[in-house]
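Colleague: Fold the following, please.
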Amino acid sequence: MGATALRYGPRALSAEKPRFPPQIPFIIGNEGCERFSFYGMRNVLTVYLVGYLLLDLPEADRPAAAKEVFHVFVMGVYFFPLLGGWLSDRFLGKYRTILYLSLLYCLGHAFLAVFEGNKAGFYAGLGLIALGSGGIKPCVSAFVGDQFDQSNKHLARVVFDAFYWIINFGSFFASLLIPLTLKAWGPSVAFGIPGVLMFIATVIFWLGRDRYVVVPPAPSDPHTFFGISRAVLSLPGPGRALAIFGLVAAVFTLFGAWSLGPVAAICLALVMILGFAGSGLYLQLGRAGSAYPAGELEAVRSVLKVLVIFALVTPFWSLFDQKASTWVLQAQAMTLPGWSWFQSPSQMQALNPLLVMMLIPFNNLLLFPLLRKMGWEPTPLRRMTAGMAIAGFSWVVVGGLQVWVDGGATVSILWQIAPYLVLTTAEVLVSATGLEFAYSQAPQEMKGVLMSFWSLAVTVGNLWVILVNAVVKREGTVQLMAGLGSSVTAVQMFFFAGFAFAAALAFAAYALRYRTVDHYRR
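Modeller: Here you go, the predicted model:
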């Protein structure tokens, strides 16, 4: 099963030049295959739902239904990191959590391949993939960070970029090849190949079991973040009242939003709890007095400040994940270029990982060094602020294309290259940067949980999409859009652009006051 306790190699005790940990290739190889499996099935999911599984619905209703299923699935993928992070930090440790949930992940892919025409079986497979993929998500990125210490932490930033690069390497080939597989050999093969890649990913990860630095799960400790939070919120005061109000509001929200689906309702209730309880906890920390050391109380404050950062990033994810739903549906109304290998609108998504693989080295080798020479340091928060604003511009461009399509013009799918380029630039600045930022800001005893909150930001981003879709499906909204002479889709696109711009302004204002910390292992 591999090591069960923290191990330190000779490099931690010597003054030799810091080196990359030799076990990193096993994690990188695992991630490349796992991402191929995930994006292979995800990037054809909308097309498959419209063209195969939802044929019992009226043709006009299938795109909206497919979009809703897709975003509920993505919400699940980024909701289960909470479970994975909790299991990792408290019971199993990162290594065993990744290994065990990867086996469930493989089973989910098998369900997709076997139950291609059965809704219950297919949705069960999506649930298993959401559990497996989401559960390992905070653990894998945190597991990468665990392989480093203070002596070589500067190399971790390079590896996190390499980690993100290999994610997109797998995504590129999956986005290019799996749509062709679906068209040529049908759903069973198209979903079966990603399943095989996931099994290979699990084997690669297992092969490195004797080389990893394995940090054991933290023992039960009342001085952890959650222990202090429970104790502080039990004290009388306005913060406690605010937290209780959040719980009551969450219950009403859960029942009131159930029509949106159980996943969306649960996530919306969780947002209510986190928002009110987090605010109440921050107010209540001053009442803890001498019950806890000042340093531990300050650590709790620092975690709450990081969660605000994560909350402000959620609008970016509402834009980014729609490239696999809203943008694919737009692409289906465009004309293909006539190339023999380009046979499906889903293949446009291959452009995103290809651009990522080019932009990451461009930024690290050329752009960022140039900015430093000019006297401007591209700190993580500055990069993320710029990325969120840039994401808004991508939706201005794609909204303009939608107006063009709605006008009846024949529009080539190649016009989508422009918004893909802009959105991918934003992705590299926000997502790739956010992985390392989230790890560096997390106290050692709760890295898995805090990394899971970074993933939860993606869930909340997709929740905003579900809520907006629910609003625009109302009869009054449809009539209002018709009166304005615009399609609902075009209005939605410009709305999300404005959403991103507003979030970027709020993020920039908050980032000016945020002070970064360093929680790499010593």
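Colleague: in the stretch 201-350 of the chain, which spans are helices?
Modeller: In the stretch 201-350 of the chain, the segments counted as helices under DSSP state H, counting those that start in this stretch are 225-233, 238-256, 262-284, 294-320, 326-331.
Colleague: now the first one against helix 294-320, angle please.
Modeller: So the one you mean is helix 225-233. 110 degrees (axes from the mean of the first three to the mean of the last three Cα atoms, to 10 degrees).
Colleague: S394 and G434, how far apart?
Modeller: The spacing between S394 and G434, counted by Cβ to Cβ, to the nearest Å, is 18 Å. For the C-beta atoms, the positions are set from N, CA and C on the backbone; glycine is no exception.
Colleague: Neighbour count: these two, which is higher?
Modeller: Each of S394 and G434 has its neighbours counted (other Cβ atoms under 10 Å); S394 has more, 27 against 22.
Colleague: what's near enough to touch that one?
Modeller: 319, 419-420, 422-423, 426 (Cβ atoms under 8 Å, 6 or more residues apart in numbering).
Colleague: How much space separates it from S279?
Modeller: 32 Å.
Colleague: Could you do V232 as well?
Modeller: 13 Å.
Colleague: Common neighbours of the two, please.
Modeller: Common neighbours of V232 and S279 (Cβ under 8 Å, 6+ apart) are G239.
Colleague: Give the buried residues for the strand or helix carrying L177.
Modeller: Using DSSP states H and E, L177 sits in helix 153-185. Under the neighbour-count criterion of 16 or more other Cβ atoms under 10 Å, helix 153-185 has 153, 155-157, 159-183 buried.
Colleague: just stretch 281-288 next, same as before
Modeller: 281-285, 288.
Colleague: Reformat those residues into JSON lines and put distance to V74 and pLDDT next to each item.
Modeller: As requested, those are exported to JSON lines (distance: Cβ to Cβ, whole Å; pLDDT from 0 to 100):
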{"residue": "L281", "distance to V74": "29", "pLDDT": "92"}
{"residue": "Y282", "distance to V74": "30", "pLDDT": "90"}
{"residue": "L283", "distance to V74": "33", "pLDDT": "89"}
{"residue": "Q284", "distance to V74": "34", "pLDDT": "89"}
{"residue": "L285", "distance to V74": "34", "pLDDT": "85"}
{"residue": "A288", "distance to V74": "38", "pLDDT": "73"}
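Colleague: low-scoring pLDDT stretches of the stretch 151-300 of the chain, where are they?
Modeller: 219-224, 289-291 (pLDDT under 70).
Colleague: can we see that at 80?
Modeller: Filtered on pLDDT under 80, the stretch 151-300 of the chain yields the residue ranges 151-164, 218-227, 261, 263, 286-299.
Colleague: Same check on the stretch 401-522 of the chain?
Modeller: 432, 435-436, 438-453, 455, 472-486, 516-522.
Colleague: Which residue ranges make up the domains of the chain?
Modeller: 24-223+293-511, 224-292 (automatic domain parsing).
Colleague: ok, back up a step: elements contacting the helix holding L177?
Modeller: Contacts defined by 3 or more Cβ pairs under 8 Å, 6 or more residues apart in numbering; DSSP states H and E place helix 153-185 against helix 24-42, helix 45-48, helix 119-146, helix 187-207, helix 351-362, helix 433-441.
Colleague: Output these as TSV; include the columns distance to N469.
Modeller: Formatted as TSV, these follow (distance: least, Cβ to Cβ, whole Å):
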stretch	distance to N469
helix 24-42	19
helix 45-48	14
helix 119-146	19
helix 187-207	25
helix 351-362	22
helix 433-441	25
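Colleague: Looking at those, which is nearest to V491?
Modeller: Closest approach to V491 among those (Cβ to Cβ): helix 45-48, 20.6 Å.
Colleague: Now do the helix or strand just after the closest one: everything it contacts.
Modeller: The element immediately downstream of helix 45-48 (helix or strand, assigned by DSSP H and E) is helix 62-79. Helix 62-79 has contacts (Cβ under 8 Å, 6+ apart) with 42, 45-46, 49-50, 54-55, 57, 126-127, 129-131, 133-134, 137, 261, 263-264, 266-267, 321, 324-326, 329, 455-459, 462-463, 465-466, 469, 473.
Colleague: so how many other residues sit close to V411?
Modeller: 18.
Colleague: do the same with R513
Modeller: Neighbour tally, R513, other Cβ under 10 Å: 7.
Colleague: Would you agree G434 is in contact with M384?
Modeller: Yes. Assessed by Cβ atoms under 8 Å, G434 is found in contact with M384 at 6.4 Å.
Colleague: Check the contact lists of these two and give me the overlap.
Modeller: Common neighbours of G434 and M384 (Cβ under 8 Å, 6+ apart) are V313.
Colleague: Against Y48, how distant is L505?
Modeller: For L505, the distance to Y48 equals 38 Å [Cβ to Cβ].
Colleague: So between these two, which is more surrounded?
Modeller: Set L505 next to Y48 and count neighbours by other Cβ under 10 Å: Y48 wins out with 22 against 14.
Colleague: Would you mind extracting the C-alpha trace of stretch 294-301 into CSV?
Modeller: Extracted C-alpha coordinates of stretch 294-301, given in CSV (Å, rounded to 0.1, in the frame of the first residue of the first chain):
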residue,chain,number,x,y,z
ALA,A,294,-3.4,34.1,19.2
GLY,A,295,-1.5,32.3,16.3
GLU,A,296,-4.2,29.7,15.9
LEU,A,297,-7.0,32.3,15.9
GLU,A,298,-5.0,34.2,13.2
ALA,A,299,-4.7,31.0,11.2
VAL,A,300,-8.5,30.7,11.2
ARG,A,301,-8.8,34.3,10.0
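Colleague: Show me what it is in contact with.
Modeller: Against stretch 294-301 from outside (Cβ under 8 Å, 6+ apart): 223, 225, 228-229, 232, 281-282, 285, 288, 443.
Colleague: Out of those, name the two that are farthest from one another.
Modeller: H223 and Y282 (18.2 Å).
Colleague: Mind checking the helices of the stretch 201-350 of the chain for the one nearest to M358?
Modeller: helix 294-320 (18.0 Å).
Colleague: And the closest one, what's buried?
Modeller: By neighbour count with 16+ other Cβ under 10 Å, helix 294-320 contains the buried residues 296-297, 299-300, 302-320.
Colleague: Report the two of the contacts of S394 separated the most.
Modeller: Going by Cβ to Cβ, the pair spanning the contacts of S394 furthest: L319 and Y420, at 12.4 Å.
Colleague: Same question for stretch 501-509: list its buried residues.
Modeller: 501, 503-504, 506-508.
Colleague: now the residues you listed in JSON lines, with secondary structure and distance to L480?
Modeller: Output for these, formatted as JSON lines (DSSP: H, G, I helix; E, B strand; the rest coil; distance: Cβ to Cβ, whole Å):
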{"residue": "F501", "secondary structure": "helix", "distance to L480": "22"}
{"residue": "A503", "secondary structure": "helix", "distance to L480": "25"}
{"residue": "A504", "secondary structure": "helix", "distance to L480": "27"}
{"residue": "A506", "secondary structure": "helix", "distance to L480": "27"}
{"residue": "F507", "secondary structure": "helix", "distance to L480": "30"}
{"residue": "A508", "secondary structure": "helix", "distance to L480": "32"}
